[in-house]
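Undergrad: Dropping the sequence and predicted coords here.
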Amino acid sequence: MKKRVVVIGGGSGGMMVANRLARQLGDKVRNGEVEITLISNTEKHIYQPGYMFIAFNEKAPEHFIRKQETLAHRTVQVVYDEVTKIDPEKQKVVSAKYQYLYDYLVIATGSHPDLDSVQGLREGSQNFYTLDGAIKLRDTLAQMEEGKILITVDVPHKCPAAPLEMALMLDDYFRKRGNRDKIEIKYTYPIGRIHSLQPVADWACPTFEKRNILSETFFNLEEVDPKRKVAITMDGTEHSYDLLLSIPAHTGAKVILDSKLGDESGFIPTDRYTLKMIGSDNIYVIGDATNLPISKAGSTAHYQSEVMVTNIANRINGLPETARYNGKVACFLENSLEDASMITFDYQNPPSPAATSDLLHWFKSVYNELYWLNARGIL
């Protein structure tokens, strides 16, 4: 009997899983024993780490966008649809126009910045966590000659190091423009250090001091007044700005909330080793959609996909599931527009930032181009 694998979400995690499965189960897919369906609510596949490079006008937006069908393996059925409900009991996912039955379900619905999480945030701030936001920020920065840039961060959010990188890259950007002395850059964070990972905070703090990037901890945004250009924290303190660059808290997808599969923020309780939804044996969760206490990042989805695909393929081939995800994450840390550091860590080993170098920045630039092979399941 045909085995049906349905993947919800055409981002990094969903595309990698679908393509890797198609390659590992090639014969079974071709002879009709296995069917792989990838459901995406958009025809565009966007390499989201590229947003930061768009903001600094390093690359045009089109450089980081492909059509989904150009990335999917030829044996993967790509469907453009908006899933509105997931029904584990009946093993189906439902949209306004169709229902998709599955034997194995992969949820790769990602996380999304909630620009309405703080009153006035949508109207009073800019961001680099959306394509439109990155394009608008690019134009704003190009025109900025002086003023205060205030960076605020709420949690959880994807690419946890990106706000730090943004502060460092802004410093270099304006130095190269020759007007850094007229630009105040202030970075804030909601807990008692400037990043949730202590080694990353320790890496950034001396550089902040050396390059005159101001910072404030225990900064929790309560309200934004767009007319007065003031950010108000929970203790009632007002902070003026000329440019409010905000990273809002992220939530899971609406379909997860509507299907009551996740927590109050829409993230799905997930076994940290098997990547199965807690309480289910045939629903797998990948990347930002999980509630795992690890970085919501593309590399997380990459390493998880290797484990997930191995186990699903083994099950279909009548073999036991023995692959386990060890929490591995890898992340570049841009120090400027020309040099970078890098960290790797997992459940057992904490991060230790590598020495900053222009070579690591070059590696990051190279990966930006190689990503498309990664998405295709080749790398």
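TA: Received it, and whenever you're ready, just let me know what you need.

Undergrad: hang on, Leu21 in a helix?
TA: Yes: under DSSP: H, G, I helix; E, B strand; the rest coil, Leu21 falls within a helix.

Undergrad: Hmm, it is touching Asn311, no?
TA: No: using CB atoms under 8 Å, Leu21 is not in contact with Asn311, being 10.7 Å away. Placement of C-beta: from N, CA and C, glycine included.

Undergrad: more crowded one of the two?
TA: Per other CB atoms under 10 Å, whichever of Leu21 and Asn311 has more neighbours is Leu21, with 30 against 22.

Undergrad: So for the more buried one, what pLDDT did the model give?
TA: Listed pLDDT for Leu21 reads 97.

Undergrad: swap in the one 3 residues further on?
TA: The score at Gln24 is 94. That number is its pLDDT.

Undergrad: Determine the number of other residues adjacent to it.
TA: Residues near Gln24, counting by other CB under 10 Å, number 18.

Undergrad: Excluding chain neighbours, give the residue nearest to it in space.
TA: Ala313 (4.5 Å; CB to CB, 6 or more residues apart in numbering).

Undergrad: Residues contacting the helix or strand harbouring that neighbour, please?
TA: Secondary-structure element containing Ala313, defined by DSSP states H and E: helix 298-316. With CB atoms under 8 Å, 6 or more residues apart in numbering as the test, helix 298-316 has contacts from 3, 5, 11-13, 16-17, 20-21, 24-25, 28, 34, 48-49, 104, 106, 108, 274-275, 284, 286-288, 294, 320-325, 328-331, 371, 374.

Undergrad: Would you mark the buried spots in that helix?
TA: Residues of helix 298-316 classed as buried by neighbour count (16 or more other CB atoms under 10 Å): 298-305, 307-313, 315-316.

Undergrad: pLDDT on stretch 115-133, on average?
TA: Average pLDDT, stretch 115-133: 96.

Undergrad: buried residues in it?
TA: Within stretch 115-133, the residues that count as buried by 16+ other CB under 10 Å are 115, 118, 120-122, 124-131, 133.

Undergrad: Out of the residues you listed, give me the two with the largest separation.
TA: Spanning the widest gap among the buried residues of stretch 115-133 are Gly120 and Leu131, at 22.6 Å by CB to CB.

Undergrad: Could you tell me which of the buried residues of stretch 115-133 belong to helices?
TA: 121-122, 124, 131, 133 (DSSP state H).

Undergrad: Would you reformat those as JSON lines and include distance to Val366?
TA: JSON lines is the format used below for these (distance: CB to CB, whole Å):
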{"residue": "Leu121", "distance to Val366": "35"}
{"residue": "Arg122", "distance to Val366": "36"}
{"residue": "Gly124", "distance to Val366": "37"}
{"residue": "Leu131", "distance to Val366": "23"}
{"residue": "Gly133", "distance to Val366": "26"}
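
Undergrad: Just name the closest of these to Ser341, please.
TA: The closest of these, once distances to Ser341 are taken by CB to CB, is Gly133, at 25.3 Å.

Undergrad: Give me the distance between that closest one and Gly318.
TA: Distance of Gly133 to Gly318, computed by CB to CB, to the nearest Å: 47 Å.

Undergrad: go on, Asn335?
TA: Taken as CB to CB, the span from Asn335 to Gly318 is 50 Å.

Undergrad: Of these two, which one has the most company?
TA: For Asn335 against Gly318, the residue with the higher neighbour count under other CB under 10 Å is Asn335, and the figures read 25 against 6.

Undergrad: residues touching that one, list them.
TA: Counting by CB under 8 Å, 6+ apart, Asn335 touches 165, 168, 207, 341, 356, 361.

Undergrad: If you rank those residues by neighbours, which is first?
TA: Compared across the contacts of Asn335, Leu168 has the highest neighbour count, 24 neighbours, by other CB under 10 Å.

Undergrad: And the contacts of the helix or strand containing it?
TA: Leu168 belongs to helix 162-177 when assigned by DSSP H and E. With contact meaning CB under 8 Å, 6+ apart, helix 162-177 is reached by 52, 55-56, 128-129, 141, 149, 151, 153, 157, 180, 183, 185, 187, 189, 194-195, 200, 204, 207-208, 211-213, 245, 247, 333-338.

Undergrad: Write a PyMOL command that selects only the buried members of those residues.
TA: Entered in PyMOL, the line below selects the buried ones among these, by 16+ other CB under 10 Å:
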select buried, resi 52+55+56+128+129+141+149+151+153+157+180+183+185+187+189+194+195+200+204+207+208+211+213+245+247+333+334+335+336+337
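
Undergrad: Mind checking what secondary structure the spatially closest residue to Thr188 that is not a sequence neighbour has?
TA: Once flanking residues are discounted, Thr188 sits nearest to Phe219: 3.5 Å by CB to CB, 6+ apart. Under the three-state scheme (three-state DSSP), Phe219 adopts coil.
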